[in-house]
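A.B. asks: Sharing a model that was predicted from the sequence below.
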Amino acid sequence: MSTTYYTEDHEWITVNGNVATIGITNHAQEQLGDLVFVELPDVGKAVSKGDDVVVVESVKAASDVYAPVSGTVSEVNQAVADEPGLVNSGAEGDGWLIRIELSDTGELGGLLDKAAYDAVTG
Amino acid sequence: MNRTPLYELHERADAKFGAFAGYDMPLFYPAGIIAEHNHTRTQAGLFDICHMMHVEIAGADAAALVERLCPTNAGNQQIGSAQYTFFLNEAAGIIDDLIVTRLDDRRYLIVCNAGCADKDRVHIEKAAADFDATPSIIERGFVALQGPMAQAVLEAQGLAVADLAFKQAIEPRAGMFVSRTGYTGEDGFEIALPEDEIVGFVEGLLTDERVMLIGLGARDSLRLEAGLSLYGQDLDEDISPMEAGLTWAIPQPLREGGPYIGADALAQKRAAGRRRKRVGLKPEGRAPVRAGAALVDGSGRAVGRVTSGGFGPTVGHPVALGLIDVDADAGTLAAEVRGKQLPLEVAALPFTAHNYKR
């Protein structure tokens, strides 16, 4: 049983047990355009909510992705580093970026649900 | 924010917009920058460049005024020919880069950058006061059709352009201007029409399946691969033509002096030798290196900066232009990006061969 949350910074977070899978939303990839480079953190890195944890670069600009939750990076999606276009074709699926082992599940309460996020992107 | 006459057409094409030089311009369309870039290199890309400023210089002294404004032999310029040149300040820094076309004996067209329009207008009017020649700004529509199929597309629309060579221009009728020029490195044309005709003209072009609308994102990646400078990034008032790698655009005798503004400073700077130079840069990894990144050499010394950078879809790797000290150790350059030093090598320009119709 998993639950998906969103942030106003256009990230999605799917939580399964104690692990959060994180990516950028389809709306975000549409705004960025074709991605050409993704910089992922090292597995084992400790992150605090709000840290810049991933860099995604489109043809025209670089953008930071902020950690929506605190914890330890437990896995990164090497496939998007090898083929950044995966984020465009499957932002909320195969184009996931990192997994974080949560240090404080209480932070999830501050995230948006789908309806609240859809209201943000209106 | 200004809008071009094609704004609603871009909206209907579902463009993503962004601010550029005071205009709300299309950055890319649903196809995306890479598809738009590749389409321009292989077929025909259509660009809205209505934001660029057209100034016609007319009068008995028109040639003399152009020769005062630009380091060029306007008086000897063939009628119907276009050339790349610039306005210089008194210190030989570049006020703007531009194309000047001789329309007839006493009439020239200057096409300059939208971002420089206000200061260009002041610069031109100030210089014009000493001459029997009148500059007038022409408000009209302007588009570029670029790529190997551009000629065939225009011919199919009934425009006879096959006989034009690169940097030649015609006025098929009053208010209309067509030149075989552009800023993508590809063969192509720039077409000006009265404002009330430009939408219909563009809609006609778009009925041809070889034509795709192209936004500013791909315009930037195309010109960057072609090694062409962008004013405000690669060129500014503190950069001389020699430093910018644009000495080729100044006829030989005018490099030693001439009637143009900035001539004395330019000759002095040439004699003193340039301190900095334009280089093409190829980052070794896959991370793009963007404008503004500091450049260091192997000794850790700051030796310059990246002036333009991004990803080159045709070459398939990041590309950049930089301005570096002439005594930098060019074999050991690195760019500072997010606290890391990314190594890059000096690369020959252009990154992609020019395909102009000579």
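C.D. replies: Right, received. Where do you want to start?
A.B. asks: number of nearby residues for the nearest residue to A:Val15 once chain neighbours are set aside?
C.D. replies: Closest residue to A:Val15 apart from its sequence neighbours, by Cβ to Cβ, 6 or more residues apart in numbering or on different chains: A:Thr3 at 5.3 Å. Where C-beta positions appear, they are placed from N, C-alpha and C, glycine not excepted. For A:Thr3, the count of nearby residues is 12 (other Cβ atoms under 10 Å in any protein chain shown).
A.B. asks: For A:Thr3, pull up the helix or strand it's in.
C.D. replies: Assigned by DSSP states H and E, A:Thr3 belongs to strand A:2-6.
A.B. asks: What confidence value was assigned to residue 73?
C.D. replies: Picked chain A for this. Note on A:Val73: pLDDT of 98.
A.B. asks: that answer is for a different chain, and I need it for chain B
C.D. replies: 97.
A.B. asks: Show me what from chain B comes close to chain A.
C.D. replies: B:16, B:27-28, B:32-35, B:37, B:217-218, B:220-221, B:286-288, B:290, B:310-311, B:313, B:318, B:338 (Cβ under 8 Å from any Cβ of the partner chain).
A.B. asks: do that again at 6 Å, thanks
C.D. replies: B:28, B:32-34, B:217, B:221, B:286-288, B:310-311 (Cβ under 6 Å from any Cβ of the partner chain).
A.B. asks: mind giving me the domain ranges of chain B?
C.D. replies: B:7-50+B:140-225, B:275-347 (automatic domain parsing).
A.B. asks: Let me see the contact set for the most centrally placed residue in chain A.
C.D. replies: By Cα atoms, centre = their mean, chain A has its centre lying nearest to A:Gly23, at 2.6 Å. Going by Cβ atoms under 6 Å, 6 or more residues apart in numbering or on different chains, A:Gly23 touches A:12, A:96-97.
A.B. asks: Return the subset of those lying in strands.
C.D. replies: Secondary structure from DSSP state E places A:Trp12 of the contacts of A:Gly23 in strands.
A.B. asks: Now pLDDT too, for the contacts of A:Gly23, in CSV please.
C.D. replies: Below are the contacts of A:Gly23 laid out as CSV (pLDDT from 0 to 100):
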residue, pLDDT
A:Trp12, 98
A:Trp96, 98
A:Leu97, 98
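A.B. asks: Could I get the contacts of A:Gly23 in JSON lines, plus columns for neighbour count and distance to B:Pro343?
C.D. replies: JSON lines is the format used below for the contacts of A:Gly23 (neighbours: other Cβ atoms under 10 Å in any protein chain shown; distance: Cβ to Cβ, whole Å):
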{"residue": "A:Trp12", "neighbour count": "26", "distance to B:Pro343": "35"}
{"residue": "A:Trp96", "neighbour count": "22", "distance to B:Pro343": "30"}
{"residue": "A:Leu97", "neighbour count": "23", "distance to B:Pro343": "26"}
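A.B. asks: Helices of chain B, start to end?
C.D. replies: When assigned using DSSP state H, the helices of chain B occupy the ranges B:7-12, B:33-42, B:62-69, B:117-128, B:150-156, B:195-206, B:216-225, B:263-272.
A.B. asks: Now the shortest one: buried residues?
C.D. replies: Which is helix B:7-12. Going by neighbour count (16 or more other Cβ atoms under 10 Å in any protein chain shown), the buried part of helix B:7-12 is B:7, B:9-10.
A.B. asks: what does the fourth one give?
C.D. replies: Of the residues in helix B:117-128, those buried by neighbour count under the rule 16+ other Cβ under 10 Å are B:117, B:120, B:123-124, B:127-128.
A.B. asks: and B:Ala13, what does it touch?
C.D. replies: By Cβ under 6 Å, 6+ apart, the contact list for B:Ala13 reads B:29, B:213.
A.B. asks: any chance you could map the strands in chain A?
C.D. replies: Per DSSP E, chain A carries strands over the ranges A:2-6, A:11-16, A:19-24, A:35-39, A:46-47, A:52-58, A:62-66, A:71-76, A:98-102.
A.B. asks: export these to TSV and tack on distance to B:Tyr84?
C.D. replies: Converted to TSV, the strands of chain A look like this (distance: least, Cβ to Cβ, whole Å):
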stretch	distance to B:Tyr84
strand A:2-6	49
strand A:11-16	45
strand A:19-24	41
strand A:35-39	30
strand A:46-47	50
strand A:52-58	30
strand A:62-66	31
strand A:71-76	47
strand A:98-102	47
